[in-house]
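[1] got a sequence here, can you build the structure:
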Amino acid sequence: MTTKYPHVFQPLKIGPVEVPNRFYFSPHGNPGWVLAVNGSPSEDYAAYYAERAAGGVGLLIHSMIAIPRGHFQRQSPHSEDTIPSFKAVADGVHRNGAKIFAQLHYSQAPRWDPSGPPAPHFGSVGSPVVEIEALVAAMRQCADHLRQAGYDGIEVHCNHGSIEEQFLSPYWNKRTDAYGGSLEGRMRFLVELLEAARAGAGPKLAVGVRYNVDELIEGGLTQEDTREILPKLVERKLVDFVDYDLSLEPQQHPLALPTYFTEPLYYKKYVAAVRASAASIPALSVLTRVTSVADAERVIAEGVVDMVGAARGLIAEPELVKNAREGHEDRSRICIAANMCRNANFVNGGWGCAINPGTGREQRWGVATWKPAAHRSKVVVVGGGPAGLEAARTAALRGHDVVLLESKDRLGGQLLAWGTLPDRGTVRTTPIWYQRRLTELGVTVRTGIEATASSILAERPDAVILATGARYVTRLGPPEEPGDLAVTIPGSDRDFVHSPEQILEEGTRPSGTVVVFDAEGLNTGSGIAELLAQQAGNRVHLVTNRPRPADRIAETIEIRHVLPRLRALNVELEVNTFLKEIGDHQVTLYDNLRDREKVVSGVDHVVLVTMRSPRNALARELEGRVAQLFPIGDALEPRTLMTATYEGQYFARLIGEDGAPRDFTEAFWKLPPEDKVLRRAAAIAR
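    Next up is the predicted model:
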C-alpha cells in the first residue's frame with residue numbers, strides 16, 4: 001500500500017458523514033433512455049456505480065432530477081416506487097466501502113425561469129409562487145425517499161444555468177416580489193430548497209450545494225457575490241459542504257466538458273479566490289481535467305479544496321484511485337478528453353467511453369467479469385490500432401494465446417495520426433497503455449509485419465480478428481480494392497494533391513497556398529488546416545460541403561475550440577461548398593446554397609479529406625479457412641474510436657465459446673442476450 005498520497009488517502013468528515021478518502025466521483029449527466037427505467041436507475045447503473053466504488057473512490061455523487069419527468073435525464077426519486085432501485089444503487093456502493101450523495105436538480109423541463117421573459121438558454125416561462133412551492137415540496141419529498149433508500153447526503157444543484165441558479169443570479173432574476181430584488185430575495189428560493197432538503201434528509205445525512213463561483217458574464221454572479229452568499233448559508237447551518245463549479249451554460253461547456261485543448265485544473269484559481277468565504281466546511285471541486293490522483297494530492301496539499309472530483313477520469317478508468325493506492329498507476333487508462341461519452345448521449349443512442357468499452361456495461365464487461373473462455377484458442381489479431389489493441393487485450397484476458405501483427409513500426413493506428421494534430425497529443429497515451437497491458441498479458445506483438453493470408457494461416461489460428469483499418473481515398477480512377485468507391489473529383493490525381501496520411505504519417509508539409517477539402521467533418525480536416533496554417537508563409541483555405549467546419553465534433557465540444565483556433569490563424573473558411581474540380585494549380589468550388597461556382601487560382605497544394613475505405617482484402621482470402629473470422633472497427637466500416645474499441649472487445653469475447661458466431665454476419669443476426677434488456681435496479685434484490 002502506497003503512502004505517496006497522504007492527503008488524498010485521509011478520511012474527511014462532511015457534516016454527520018465520514019468519507020474514507022478525498023477523491024470523489026463527481027455528478028454527471030447520463031442518458032436516461034439507457035440507464036433509467038421509469039424514473040428508477042437500472043441494474044446497469046447500479047453496477048456502474050458499484051464498480052467505481054470498488055475502484056477506490058471515497059464518495060460518489062449521483063445526479064438525478066427532483067421532478068418525475070425530464071427529457072434529458074429521467075432518473076428521479078420523486079415517486080415512492082423508485083426507492084427500492086435507489087436502495088440497490090446505494091447498497092452496491094456501501095458494500096464496496098464508499099459513500100453516496102444525491103445531486104438533485106430540476107433538469108430543463110418544464111422551461112421555468114424566475115422572471116418570465118424568454119431567456120437565452122433554459123428558461124422561457126416565469127415561475128409563479130405556486131410553482132415555487134411545488135418545487136420546494138418536490139425537493140423535500142425526493143430527499144426523504146433518498147434517505148429511505150440509504151443515501152448518505154443531498155447536494156442541491158445551483159449551477160449549469162439551472163432554475164436554482166437563475167433565481168440567485170441578478171442576470172436572470174428581475175422579480176419584484178419576495179423572490180427577487182435584494183440579495184436576500186434572490187437567495188430565498190435556494191434557502192427554501194436547502195431547508196427542504198434538510199427536512200427530508202434528516203439529521204444523519206449531509207446536505208450541501210453545487211455552487212457557481214462566477215458566471216463569467218456581465219451582470220451575472222461574481223466572486224464578490226460568492227463571498228457574500230456562502231457565509232450566509234454557512235451561518236444559517238444550511239450546508240455541510242460546498243461543491244464549487246464555474247461559468248454558465250452554454251458558455252460553460254468548454255470548461256465543464258473540457259477537451260484536450262482545455263488547460264487542466266482551470267477552476268483552481270477561481271475556487272482558491274473564494275474558498276475562505278466558507279472555510280469552516282469542506283470544499284469539493286472537480287477543478288477541470290483531473291486525470292490522476294497526483295493532481296488531487298497537490299491541490300489538497302495546497303489547501304485549495306478538501307476533496308477533488310472527476311467524472312470522465314473515472315468513466316475511463318474505474319480503478320484510478322485503487323491503482324494509485326496500490327502503487328500501480330501505470331495500469332490506469334488516462335482519459336483523453338475526446339468527450340465521446342457526452343456525444344453518445346445525444347447522437348449515438350448508446351452510452352459509454354471511447355477507450356473503455358466496459359463503461360455502462362459493467363454487468364457483462366466490467367472489472368469483475370473476466371474469466372477464461374470455454375475453450376483456449378490460438379488468436380491472430382491483424383492491426384494494432386484501437387480495435388486490434390482492445391481485441392488482443394480482451395482475448396488475452398480470456399486466456400487465449402494471442403499474436404498481434406502490425407504493419408507499422410509502432411502500435412496505435414489512427415490514434416497516432418490523431419495525436420499528430422495540434423494540441424491533441426493526449427490521445428497517444430492510449431496506445432502506450434495498451435502496449436503495457438499486452439506485455440503484462442504475454443501477447444506476442446510483431447510490428448513492421450505486413451500480414452498475408454499465408455503468414456496468418458502459418459500461425460495455425462482458431463480465430464482471426466482483422467483490425468486492418470481504413471485509408472482515405474483521394475485518387476480518381478479504378479478502385480484500389482473491390483468494394484472501393486472512386487472519388488469523382490477531376491484532377492484528384494495531380495501531383496500536388498495529398499492524402500491525410502501523407503500529412504500525418506509521412507510528414508509531408510505543403511507550403512504556399514493550400515486548399516484543404518473536408519467532406520468528413522471530424523478532426524482530420526480542421527486539424528490539418530490548423531497544422532498547415534501554423535507554418536509561416538502559408539495561406540490555408542478550409543473548404544467543406546458540410547454546414548460548418550468540424551460539425552461532427554460539435555457535441556463533443558471540440559468545435560468550440562477548433563473554430564477560434566482556425567480564425568486566429570486566418571484560415572479562410574468555405575461551408576456548404578464542394579470541391580468540383582482540381583485544375584492546373586487552381587480549384588473550382590461549387591457553393592451549394594447559392595448555386596454558383598468560383599475559381600481559386602494560385603493553389604500550390606490540395607489536401608483531400610474525403611471518404612475512408614476499409615482495408616479488408618484479407619477477409620476474402622481467409623473466408624472459410626479459420627473457425628472464426630471477424631473484421632472489426634474501420635476494417636468493417638469506417639466509424640468512431642468508441643465503435644472500434646467496443647467491437648474489439650465484443651468480437652474477442654466470442655472466441656472459444658460454444659455456439660458462438662463464426663463471423664460478422666452470424667453475430668449481426670444473433671438476438672441480443674437477455675442481460676442487455678434494461679430492468680430496474682430493484683431487480684438485483686429479487
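
[2] what's the spacing between the closest residue to Cys158 other than its chain neighbours and Arg227?
    Of all residues not flanking Cys158 in the chain, Glu164 sits nearest, at 4.3 Å (Cβ to Cβ, 6 or more residues apart in numbering). No exception for glycine: its C-beta is placed from N, CA and C like everyone else's. According to Cβ to Cβ, to the nearest Å, Glu164 and Arg227 sit 19 Å apart.

[3] okay, those two: which has more neighbours?
    Glu164 (28 against 16; other Cβ atoms under 10 Å).

[4] so who does that one touch?
    Neighbour list for Glu164: 105-106, 156-158, 189-190, 193 [criterion: Cβ atoms under 8 Å, 6 or more residues apart in numbering].

[5] filter those down to the ones in helices?
    Among those, the members falling in helices (DSSP state H) are 189-190, 193.

[6] let's have these in TSV, adding neighbour count.
    Output for the ones in helices among the contacts of Glu164, formatted as TSV (neighbours: other Cβ atoms under 10 Å):
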residue	neighbour count
Phe189	26
Leu190	20
Leu193	30
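
[7] which one of these is nearest Thr262?
    Nearest to Thr262 among those, counting by Cβ to Cβ, is Leu190 at 28.7 Å.

[8] touching, that closest one and Phe167? I think so.
    Yes: using Cβ atoms under 8 Å, Leu190 is in contact with Phe167, at 6.6 Å.

[9] ignoring the adjacent residues along the chain, who's closest to Leu466?
    With Cβ to Cβ, 6+ apart, the residue lying closest to Leu466 is Pro631, at 4.4 Å.

[10] what's the longest helix in this structure?
    Secondary structure of the chain read by DSSP H shows that its longest helix is helix 129-149.

[11] what packs against that helix?
    helix 83-95, strand 99-105, strand 153-158, helix 183-201 (3 or more Cβ pairs under 8 Å, 6 or more residues apart in numbering; DSSP states H and E).

[12] these into TSV, with extra columns for distance to Arg679 and mean pLDDT?
    Converted to TSV, these look like this (distance: least, Cβ to Cβ, whole Å; pLDDT from 0 to 100):
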stretch	distance to Arg679	mean pLDDT
helix 83-95	9	97
strand 99-105	20	96
strand 153-158	26	97
helix 183-201	27	97
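
[13] let's have those in CSV, adding distance to Ser292.
    Formatted as CSV, the helices and strands packed on helix 129-149 follow (distance: least, Cβ to Cβ, whole Å):
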stretch, distance to Ser292
helix 83-95, 23
strand 99-105, 22
strand 153-158, 24
helix 183-201, 33
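
[14] now the residue of the chain most remote from its centre: how far from Ser26?
    Centroid-distance maximum for the chain: Asp584 at 44.2 Å, with Cα atoms, centre = their mean. The gap separating Asp584 from Ser26 is 57 Å, by Cβ to Cβ.

[15] for the stretch 251-400 of the chain, just list every one of the strands.
    In the stretch 251-400 of the chain, the segments counted as strands under DSSP state E, counting those that start in this stretch are 283-285, 307-310, 378-382.

[16] who's in contact with the longest one?
    Counting by Cβ under 8 Å, 6+ apart, the neighbours of strand 378-382 from elsewhere in the structure are 388, 391-392, 395, 400-405, 451, 456, 459-468, 618, 652, 655.

[17] what's near enough to touch Cys142?
    64, 66, 76-78, 102, 104, 200.

[18] with the residues you listed in mind, which one is nearest to Glu647?
    For the contacts of Cys142, the nearest to Glu647 is Met64 (31.9 Å; Cβ to Cβ).

[19] specify the local secondary structure of that closest one.
    Three-state assignment for Met64 (DSSP: H, G, I helix; E, B strand; the rest coil): strand.

[20] shouldn't it be in contact with Arg74?
    No: look at Met64 against Arg74 with Cβ under 8 Å: they stay out of range, at 9.0 Å.

[21] who has more neighbours out of these two?
    Between Met64 and Arg74, Met64 has the larger neighbour count (other Cβ under 10 Å), namely 27 against 22.

[22] so what's that one bridging to?
    Beta-bridge partners for Met64, by DSSP bridges, are Leu104.

[23] which stretches of the stretch 151-300 of the chain have low pLDDT?
    For the stretch 151-300 of the chain, residues meeting the criterion pLDDT under 70 lie at 249-254, 256.

[24] which other residues reach the helix or strand hosting Ile456?
    Using DSSP states H and E, Ile456 sits in helix 453-457. Contacts with helix 453-457, where a contact means Cβ under 8 Å, 6+ apart, come from 380, 382, 405, 449, 464, 618, 621-622, 625-626.

[25] same check, this time on stretch 265-279
    213-214, 223, 226-228, 230-231, 233-234, 239, 242, 244-246, 255, 258, 283, 285-290, 295, 299, 303-305.

[26] mind checking how far that stretch is from the chain centre?
    26 Å (Cα atoms, centre = their mean, to the nearest Å).

[27] next, the distance between the ends of that stretch.
    Distance across stretch 265-279, first residue to last, is 20 Å (Cα to Cα, to the nearest Å).

[28] list the buried residues in it.
    265-268, 270-272, 274-275, 277-278 (16 or more other Cβ atoms under 10 Å).

[29] surely Leu532 and Val540 touch.
    Yes: using Cβ under 8 Å, Leu532 is in contact with Val540, at 5.3 Å.

[30] next, format the strands of the stretch 251-400 of the chain as CSV and append mean neighbour count and distance to Gly208.
    Listed next are those as CSV, based on neighbours: other Cβ atoms under 10 Å; distance: least, Cβ to Cβ, whole Å:
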stretch, mean neighbour count, distance to Gly208
strand 283-285, 27, 8
strand 307-310, 26, 11
strand 378-382, 27, 48
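
[31] okay, these in CSV with distance to Arg612 next?
    As requested, the strands of the stretch 251-400 of the chain are exported to CSV (distance: least, Cβ to Cβ, whole Å):
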stretch, distance to Arg612
strand 283-285, 41
strand 307-310, 33
strand 378-382, 18
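
[32] nearest to Pro549, out of those?
    Smallest distance to Pro549 across the strands of the stretch 251-400 of the chain (Cβ to Cβ): 30.6 Å, for strand 307-310.

[33] distance of the residue nearest to Cys158 from Ser454?
    Computed with Cβ to Cβ, the distance linking Glu164 and Ser454 is 67 Å.

[34] that older thread, before we move on, which element is the residue nearest to Cys158 in?
    helix 163-168.

[35] wasn't His541 part of a helix?
    No: assessed with three-state DSSP, His541 is strand; it does not lie in a helix.

[36] doesn't Glu572 make contact with it?
    Yes: using Cβ under 8 Å, His541 makes contact with Glu572 at a distance of 4.6 Å.

[37] what touches both of those two?
    Here His541 and Glu572 have no joint contacts, going by Cβ under 8 Å, 6+ apart.

[38] the host helix or strand of Ile229 - contacts with which helices or strands?
    Assessed by DSSP H and E, Ile229 sits inside helix 223-235. Helices and strands touching helix 223-235, by 3+ Cβ pairs under 8 Å, 6+ apart, are helix 183-201, strand 206-212, helix 268-274.

[39] would you turn the ones you listed into JSON lines with distance to Ala536?
    Shown next, in JSON lines, are the helices and strands packed on helix 223-235 (distance: least, Cβ to Cβ, whole Å):
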{"stretch": "helix 183-201", "distance to Ala536": "52"}
{"stretch": "strand 206-212", "distance to Ala536": "42"}
{"stretch": "helix 268-274", "distance to Ala536": "33"}
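
[40] nearest to Leu135, out of these?
    Nearest of the helices and strands packed on helix 223-235 (Cβ to Cβ): helix 183-201, 7.5 Å.

[41] residues in contact with the closest one?
    Counting by Cβ under 8 Å, 6+ apart, 104, 114, 132, 135-137, 139-147, 153-154, 156, 158, 164, 167-170, 173, 175, 177-180, 207, 209, 225, 228-229, 232-233, 236, 238-239 sit against helix 183-201.
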